[in-house]
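Trainee: model the following, please.
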Amino acid sequence: EIHRAKGISYAWVAVGGLHLAMGIGYGIPGTFGVFVNPLNEEMGWSRTAISGAIAIIMFIHLLASGLWALLAEKWSIRGIIAVSGILFSLGVFLASTADSIWQLYLYWGVIGGVGMGGFVSSLPGLVTRWFDRKRVLALGIGMAGIGVGLAILPILTERLIALDGWRLGFRVLSFIA
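Mentor: Model prediction:
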């Protein structure tokens, strides 16, 4: 480990940040199934059409990951994480304003996917820079956040939707992001 100050290893703090970010970065898209029925009931969109939004965010996230990685080599990983995190949050928030299926695809799928691709692909690389030893352990702990987010956020989202509808669910998730 490197970067110790006053007995605190900032490397392990970075691992905690990775764990949290992976939980949010994959947990928020993992909540989408909770939105399908409320969107179907309120907007009248078919379940198949609604489900297209999760396919789009995952596809765009995969494409964007490579592009963000190229930018990170020339720019700053921290800058990529900041910009992409803002885009991800913006996409999730804008999804709460969708009045047509194309808007859901654009906001959640495209904008959210571009943002997701940047921070979930860049953070592991940033964290590994903090370690001379135990890199694999650090990555394992950090990436375990995906499972935690996928377990917790859909339950929270379901409660938010029950409280005041799907728009509130998207808005709260955007602030979590």
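Trainee: show me the contacts for the most centrally placed residue in the chain.
Mentor: Centroid-nearest residue in the chain, with Cα atoms, centre = their mean: Gly25, separated by 2.1 Å. For Gly25, the contacting residues are 88, 116, 119-120, 123, 146, 149, 177, by Cβ atoms under 8 Å, 6 or more residues apart in numbering. Bear in mind the C-beta positions are built from the backbone N, C-alpha and C, glycine included.
Trainee: filter the residues you listed to the buried ones?
Mentor: 88, 116, 119-120, 123, 146, 149, 177 (16 or more other Cβ atoms under 10 Å).
Trainee: can I get the residues you listed in a markdown table including pLDDT and distance to Ala138?
Mentor: Formatted as a markdown table, the buried ones among the contacts of Gly25 follow (pLDDT from 0 to 100; distance: Cβ to Cβ, whole Å):
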| residue | pLDDT | distance to Ala138 |
| --- | --- | --- |
| Phe88 | 97 | 23 |
| Met116 | 94 | 22 |
| Phe119 | 81 | 17 |
| Val120 | 81 | 16 |
| Leu123 | 83 | 12 |
| Ile146 | 95 | 15 |
| Gly149 | 96 | 18 |
| Ala177 | 93 | 23 |
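Trainee: which of the residues you listed lies closest to Ala64?
Mentor: Among the buried ones among the contacts of Gly25, Met116 lies closest to Ala64 (Cβ to Cβ), at 7.4 Å.
Trainee: what helix or strand is the closest residue to that closest one other than its chain neighbours located in?
Mentor: The shortest distance from Met116 to any non-neighbouring residue, by Cβ to Cβ, 6 or more residues apart in numbering, is to His61 (4.3 Å). Applying DSSP states H and E as the criterion places His61 in helix 47-74.
Trainee: buried residues in the next helix-or-strand element following that helix?
Mentor: Following helix 47-74 in sequence order, the next helix or strand is helix 77-95 (DSSP H and E). Buried residues in helix 77-95, counted by 16+ other Cβ under 10 Å: 77, 80-81, 83-85, 87-95.
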